[in-house]
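Peer 1: take a look and give me a structure for this.
(one chain, ligands or ions: 1)
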Amino acid sequence: MTSSFRINNYDDYRKAWQKSVADPEGFWESVADTFTWRKKWDKVLEWDFRKPDVKWFINGKLNITENCLDRHLSANGDTTAIIWESNDPAEPSQHISYALLHQQVCCFAQALRGMGVKKGDRVCIYMGMIPQLPVALLACARIGAIHSVIFGGFSARSIADRVQDAQAGYVITCDGAFRGAKDIALKSLVDEALVTCPSVKKVIVCKRTHTPVSMIGGRDVWWDDLLSEINKDEAVKVPAEEMDAEDPLFILYTSGSTGKPKGVVHTCGGYMVYTTYSFVNVFQYNPGDIFFCTADIGWITGHTYIVYGTLCAGASVLMFEGIPTWPDAGRMWDIVDKHKVNVLYTAPTAIRSLMAYGTAPLQGKDLSSLKVLGTVGEPINEEAWHWYDEHIGMGRCPITDTWWQTETGGIMIANIAGITPSQPGYATLPLPGVQPVIVDEKGTVQEGNEVSGNLCIRFPWPSIIRTTYGDHERCRSAYFAAYDNMYFTGDGCYRDEKGFYRITGRVDDVLNVSGHRIGTAEVENAINSHTGVLESAVVGYPHDIKGQGIYAYVIVDAHTDTSDENCKNINATVAGIIGPIARPDVIQFVKGLPKTRSGKIMRRILRKIAEGETKNLGDTTTLLDPLVVDDIISGRQLP
Ligand code: PRX
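Peer 2: Predicted coordinates:
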């Protein structure tokens, strides 16, 4: 595929960034020109952050799957699009060419059409990391249905919340999913969820684990049965649905500072352009390279850098069903060696957990194919950065630390591998098209270097969030209301003397546990629904492997015991309501919470205590009852 927008040296980067600021429309138009459009746009950009209303490539018509698949067929149909590595090292891996993936997507798209799925319908996808998962996403995109992937680690309640919010008519799932030694019964969780989801008309079930499942007559159908009725030769001839650049492509739910996850909406044109642009440039991807992204497709990283950006670029992407530490801590390195991976994109939490096993699992693994390493999802601590550099990259692979979010669609601040300088712990410089600003609490822009504050972006980029599904006001209030005429990221940030950005973590009530975003309010709501719990407050604390751990202060009524067993029960309630990823690491039963006279919980104090600080707690004189603090300190639990 043509990459006339490729950045090849520092000067290219500098010029591209300057052009993207001086003439954003001209800049993005020249990138967009390299894609396949049914009809080109009339105007590049219209925007108003105060509403917010952002439109890119106005009246442009396209189908993103023609860019992910069809356009590669004539020259690169035999190129591997997806390498799939099973959870079980003994199961053969699969190499799916662009031609085969195209055929599979066309067939499944026809199957969905045959079932009555139409443009604009919402389809929830709850599957393990098997090749049918990207096929399901792409088939939805092919017919203009809006997919909403739900991470396989979420509970039945979380599935139900998302299905209801999206008013989905269809669900695609599996009998079960393999993850390490576990076998997770996905279909039975879907069944439990759907009891409260009357919008769902059909459920498609793909067989993977052969776990027995209940199949409801008239509602549930097997993936293979559906496909057996499709004629492959005919299916590949059916044209893809023509989409407007601003038609929604997908919804992806993510946690914010309130209790209810938000359905982040991305649209077809801008998302395609920005994700491909960022993929090719940040990773310096060359045709033929094997790109291994360890993220789950249930998160934005998998959407963008396993499915859309990667396939639009004609890349060969490796997807892995299992977990890095199973059957042993050498599994990731076995995969890198086996498939001669050139670019490895993973999360700091994975690096830290593998680092904890030392270098023995690396023995005998040939990692010499690696050229570029990437990290995403949370700040990377220097120790993990150096371990990654020395033991995985052997000191010869640039590490790109990529900062971005579900809402940004693609990588925003990152060093361009091998081209712009890296610095441990720093995402460094903005990509072309990205104009970061640091503001103080009042919204005053902090000019110059060596400043810190809240990170905002002052101009739209093509893959910016367009709305939160079904509730546009929520999108405005969460991202565009805090600071006038700016997108607020929710992250704190420091710009050093060289102008490099260091992301310091969330400044709102959102935790980042093993790279998973979890709202403290969500966890509190779940804990509060446990019998006997009167109130709770949840904060994060530094955790060696997870980055942040979850520390919960819980008040129970006089009849409820404060035993370890009840802690486990509370954990089980949280796992049942949100999913195992949100289970508190520490629960401390307390008699009261530090509150101001207006009833606001002083989380700053709770955070300090959770971090082990007992003396410098700041001003506690405004507290309604300062004595509760002493009580909490004396009962502090060791993580
Ligand atoms: O706090 C930032 C952190 O992850 C948040 C976004 O989470 P999510 O929407 O789930 O997307 C994760 C994958 C893109 C951000 O607000 N974050 C992400 N990448 C980094 C990071 N923090 C520091 N450095 C990063 N490279």
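Peer 1: quick check: the residue of the stretch 1-150 of the chain nearest the ligand.
Peer 2: Proximity of the stretch 1-150 of the chain to the ligand (C-beta to the nearest ligand atom) peaks at residue 149, 13.0 Å away. Every residue, glycine included, has its C-beta placed from N, CA and C.
Peer 1: now do the stretch 101-250 of the chain
Peer 2: For the stretch 101-250 of the chain, C-beta to the nearest ligand atom, closest residue to the ligand: residue 151, 10.2 Å.
Peer 1: which residues sit against stretch 615-630?
Peer 2: 590-597, 599, 602, 604-605, 608-609 (C-beta atoms under 8 Å, 6 or more residues apart in numbering).
Peer 1: of those, grab the buried ones for PyMOL.
Peer 2: Buried residues within the contacts of stretch 615-630, by 16 or more other C-beta atoms under 10 Å, are selected in PyMOL with:
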select buried, resi 590+592+593+594+595+602+605+608+609
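Peer 1: re earlier: for the residue of the stretch 101-250 of the chain closest to the ligand, grab phi and psi.
Peer 2: Backbone torsions of residue 151, given as degrees, to the nearest 10, read phi -50, psi 140.
Peer 1: distance of it from residue 60?
Peer 2: 31 Å (C-beta to C-beta, to the nearest Å).
Peer 1: same check on residue 369?
Peer 2: Noted for residue 369: a distance of 38 Å to residue 60, by C-beta to C-beta.
Peer 1: with residue 395 instead?
Peer 2: From residue 395 to residue 60 the distance is 45 Å (C-beta to C-beta).
Peer 1: just residue 351 next, same as before
Peer 2: In terms of C-beta to C-beta, residue 351 sits 40 Å off from residue 60.
Peer 1: what of residue 83?
Peer 2: 32 Å.
Peer 1: more neighbours: the two, which one.
Peer 2: residue 60 (25 against 22; other C-beta atoms under 10 Å).
Peer 1: surely that one and residue 267 touch.
Peer 2: No: counting by C-beta atoms under 8 Å, residue 60 sits too far from residue 267 to count as a contact (10.6 Å).
Peer 1: now the common contact residues for those two.
Peer 2: residue 245.
Peer 1: excluding covalently adjacent residues, which one is nearest to the closest residue to the ligand within the stretch 251-400 of the chain?
Peer 2: The ligand sits closest to residue 379 of the stretch 251-400 of the chain, with a gap of 4.0 Å, by C-beta to the nearest ligand atom. Nearest residue to residue 379 in three dimensions, chain neighbours excluded: residue 503, at 5.7 Å (C-beta to C-beta, 6 or more residues apart in numbering).
Peer 1: helix, strand, or coil at that neighbour?
Peer 2: What DSSP: H, G, I helix; E, B strand; the rest coil gives for residue 503 is strand.
Peer 1: who in this structure is up against the ligand?
Peer 2: 254, 299-301, 376-379, 401-406, 427, 489-491, 503, 505-506, 512, 517 (C-beta under 6 Å from any ligand atom).
Peer 1: among those, which are in strands?
Peer 2: Mapping the residues of the chain next to the ligand onto strands (DSSP state E) picks out 254, 376, 401-402, 489-491, 503, 505-506, 512, 517.
Peer 1: of the residues you listed, which pair is most distant in space?
Peer 2: 254 and 401 (20.7 Å; C-beta to C-beta).
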